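S.K.: give the three-dimensional model of this entry:
(chains A and B)
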Amino acid sequence: MKRYLAATALALCLATAARAEGELNIYAWAESISPALIEKFSKENDVKVNVDSFTSNEDLLTKLQAGSSGYDIATPSQHFLRVMIDEGLIENFGASKLQAYQNIEERWRNQWWDETQDFSIPLAYGTAGFVVNTAEYKGPTDSFKYFFEPEGELKGKIAMLSYPDEVIGAAQLYLGVPFCSEDQAEMKKVLDLLMAQKPSVAVYSSDNIASRLASGEVSAHFWWDGDSLKARVAGSPVSLAMTKEGLVGWMDSLAIPKGAPNRDNAVKFIEFISTVENATEQMNFYAHSSPMKVMQEKVVYTKDKAPELYPDVPITFSRTCSAAAQDLVTRVWTQLLQ
Amino acid sequence: MTESALHAAAGGTDRSPRVRFWRDLSFWGLLPSWLLMGLALILPIAIIAAVSLATRGAHGGFTWDFNLAGYRQILFNEGWTGELEFTPQYLLIVARTFALAGATTLICLVFAVPVAYFISRQPPGRKAALVYLVTLPFWVSMILRVYAWMIILGKDGTLPRFLETLGLPAGMSFMFNDGATLTAMVYTAMPLMVLPVFASIEKLDGTLIEASHDLYGNRWVTLRRVILPLTAPGLVAGAILVFVPALGAVLEPSLMGGGKQMMMGTLIQLQFGGGRNWPFGAAIAMTLMALVLVFLLVMALRAARREDVR
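M.R.: Numbering: from 1, shown residues only, chains lettered A, B, ... in the order given. Next comes the predicted model:
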């Protein structure tokens, strides 16, 4: 009997796999796309959706450069999207002619990272800064000074990301050094700041940030606005620092890697997730701001419920650096961790 | 198969069709192993070697213009004032990696020898059970085992809680330092040391130890002149199995050590990721491989010399 059951189950699996219209392989930021939407799309279109996740733009770029990643959709941030377009890693799928394009809020259309808006449809945007555990740290948070030059209780309780992207940007905001600086003397100042901070840093890691911060293992962590919001709503004592020097801005977009095996499904999915109704659902799941038109009355994270998403300090979006500037960033990071 | 055919197949002087048949068969029979070696070992290494000589792309990737910039960068880099200068930073990372791998190997040896000796002196049934227990951690994913250590050593973890009950101050954390890295590395590598050491200690003839005692050898002399030389092959095999993977460790330094000090593994990772300098990353990988080869060669030569002396 058991054997028949097993055989039937196996046959069913094979049958459903064979019956699905096709597949869709998504490579996105960890826990960034609403599972409910994925299930809905999968059912409506009879498509098997696989989602893999990354925790840094660098990981995504490396994977696409290595070739034949097999992914149909990727979600790079703006400064990496620009590199991917320039390097020919992204498919031109005529995004500006889709209905999805009409659903982009006007102020977010045709930005510098995709002027013709042929390569991408934006998905979410937000900021990066530092988040403190308010049970462990009661001091002021209105400046990056407390993060980069910590005193007292924050000493030894600081956590940075494991990659230089955005972290270096925040240090530059604090020092007044322009993003993507090619000036060695200016970047040396950034290195000196981070070197002086290093003895106070417990860990450089981009994984497991929520539990590390909530448990009090560290008291301040470099993090993103929506993640901080989600943790706070779930009951963790965390708060995003509104630093007067400003915050580092980012915007992730849906793009189709060159040679995607299921291009048609990818376009279908991009249209699907960009409808007003689904964009609202996606925003309510991801807890980051949406660059799409949404149903305002159904938005969960409104200004009074989610001050994290509506900062009143200036936001500077990360830029695509020249090779020379990128080299300086890497050199700072390597010397910092040597 | 007749004996003459076998002989001919091995020697290969006879040209009869029958012999050729057996020779062809052995070619086809061995083909899978050649394919495996070629596709899974030689080809990837050849690609890494080629990339290490290529020119980096502005945003990662590479172009096929051959030069030695990747290797040069290990020793010489542009300084903050712009000129090329000797940079010891990567050598420092190499030295640190070797020190950590060496310490891991040494600690594993110190713990594995008594454990293996103890297991080998048990009755057969219990012996099998103990060997099984040693291999048990392999059933769990390595990343889970490292996370388990994070829970033991971290804030409000098992160890700090235990120390608290002994009256020590609360809220201690043992994470994010070299000690934590070493703990996890020793833990993950330990079975790889215990098993070969056990295999060679088990074969050790107990009468030789008795003979040593009969000849007035005390315990120290017996250990040094009888037990250690006879079990040396197992110790060397264990040391290699632990030392070589430890050189490439990424998980433990980044999770347990807090990623504050680079190891060769994390340095290579950075070059393919944030550093966007694939040829340099490939050059470090080749250097690491060359160093491992030298290490194995030295081990092999020393083993050979020992054979000669005997």
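
S.K.: so B:Met299 touches B:Val236, yeah?
M.R.: Yes: between B:Met299 and B:Val236 there is a contact under C-beta atoms under 8 Å: 6.0 Å. For every residue, glycine as well, the C-beta is placed using N, CA and C.

S.K.: where does pLDDT dip in chain B?
M.R.: Confidence mapping of chain B against pLDDT under 70 gives the ranges B:1-15, B:82, B:307-310.

S.K.: list, one by one, the residues from it near chain A.
M.R.: Taking C-beta under 8 Å from any C-beta of the partner chain as the measure of proximity, chain B contacts chain A at B:57-61, B:77, B:80-82, B:89-90, B:92-93, B:154-156, B:173, B:175-176, B:254-255, B:258-262, B:266-267, B:270, B:272-277.

S.K.: among the residues you listed, which lie within strands?
M.R.: Per DSSP state E, strands hold the following members of these: B:Asn77.

S.K.: quick one: buried ones out of the residues of chain B next to chain A?
M.R.: Burial by neighbour count, 16 or more other C-beta atoms under 10 Å in any protein chain shown: within those this picks out B:57-61, B:77, B:89-90, B:93, B:154-155, B:173, B:175-176, B:254-255, B:258-262, B:266-267, B:270, B:272-277.

S.K.: what's the nearest residue to A:Pro35 if we skip its chain neighbours?
M.R.: A:Phe285 (7.8 Å; C-beta to C-beta, 6 or more residues apart in numbering or on different chains).

S.K.: surely the one you found is in contact with A:Ala36?
M.R.: Yes: assessed by C-beta under 8 Å, A:Phe285 is found in contact with A:Ala36 at 7.1 Å.

S.K.: for residue 295, which non-adjacent residue is spatially closest?
M.R.: The chain I'm using is chain A. Computed as C-beta to C-beta, 6+ apart, the closest residue to A:Met295 that is not its neighbour in sequence is A:Thr280, at 4.7 Å.

S.K.: chain B is the one I meant
M.R.: B:Phe243 (7.2 Å).

S.K.: ok, now which ones touch that neighbour?
M.R.: B:101-102, B:104-105, B:295 (C-beta atoms under 8 Å, 6 or more residues apart in numbering or on different chains).

S.K.: so how far is B:Glu252 from it?
M.R.: 14 Å (C-beta to C-beta, to the nearest Å).

S.K.: distance between stretch A:183-194 and the chain's centre?
M.R.: 26 Å (C-alpha atoms, centre = their mean, to the nearest Å).

S.K.: what of stretch B:86-100?
M.R.: With C-alpha atoms, centre = their mean, you get 18 Å for stretch B:86-100.

S.K.: can you pull the buried residues of that stretch?
M.R.: Neighbour counts over stretch B:86-100 (16+ other C-beta under 10 Å) mark B:87, B:89-90, B:93-94, B:96-98, B:100 as buried.

S.K.: what residues sit buried inside stretch A:273-283?
M.R.: So for stretch A:273-283, counting by 16+ other C-beta under 10 Å, buried means A:273-275, A:278-283.

S.K.: narrow the residues you listed to those in helices?
M.R.: With helices taken from DSSP state H, the overlap with these comprises A:273, A:278-283.

S.K.: get me the contact residues on chain A for chain B.
M.R.: Counting by C-beta under 8 Å from any C-beta, chain A comes close to chain B at A:56, A:58-59, A:61-62, A:65, A:83, A:86-87, A:162-165, A:184-185, A:188, A:198, A:201-205, A:207, A:215-217, A:322-323, A:326, A:329-331, A:333-335, A:337-338.

S.K.: try 6 Å
M.R.: Residues of chain A found near chain B (C-beta under 6 Å from any C-beta of the partner chain) are A:58, A:61-62, A:65, A:83, A:162-164, A:184, A:188, A:202-205, A:216-217, A:323, A:330, A:337-338.

S.K.: can you flag the buried ones in these?
M.R.: The buried subset of those - by 16+ other C-beta under 10 Å - is A:58, A:61-62, A:65, A:83, A:162-164, A:184, A:188, A:202-205, A:216-217, A:330, A:337.

S.K.: now, which of those residues lie within strands?
M.R.: Among those, DSSP E puts A:202-204 in strands.

S.K.: who has more neighbours, A:Phe285 and A:Ala36?
M.R.: Between A:Phe285 and A:Ala36, counting by other C-beta atoms under 10 Å in any protein chain shown, A:Phe285 is the more crowded of the two (17 against 13).

S.K.: the more buried one and chain B, how far apart?
M.R.: 26 Å (C-beta to the nearest C-beta, to the nearest Å).

S.K.: surely that residue meets A:Ser34?
M.R.: Yes: the criterion here is C-beta atoms under 6 Å, and A:Phe285 meets it with A:Ser34 at 3.7 Å.

S.K.: got any ranges where chain A has weak pLDDT?
M.R.: Applying pLDDT under 70 to chain A flags residues A:1-21.

S.K.: ok, back up a step: so B:Met299 and B:Val236 - more neighbours on which side?
M.R.: The residue with more neighbours, out of B:Met299 and B:Val236, is B:Val236; 18 against 15, by other C-beta under 10 Å.

S.K.: surely that one is within a strand?
M.R.: No: judged by DSSP: H, G, I helix; E, B strand; the rest coil, B:Val236 forms no part of a strand; its state is helix.
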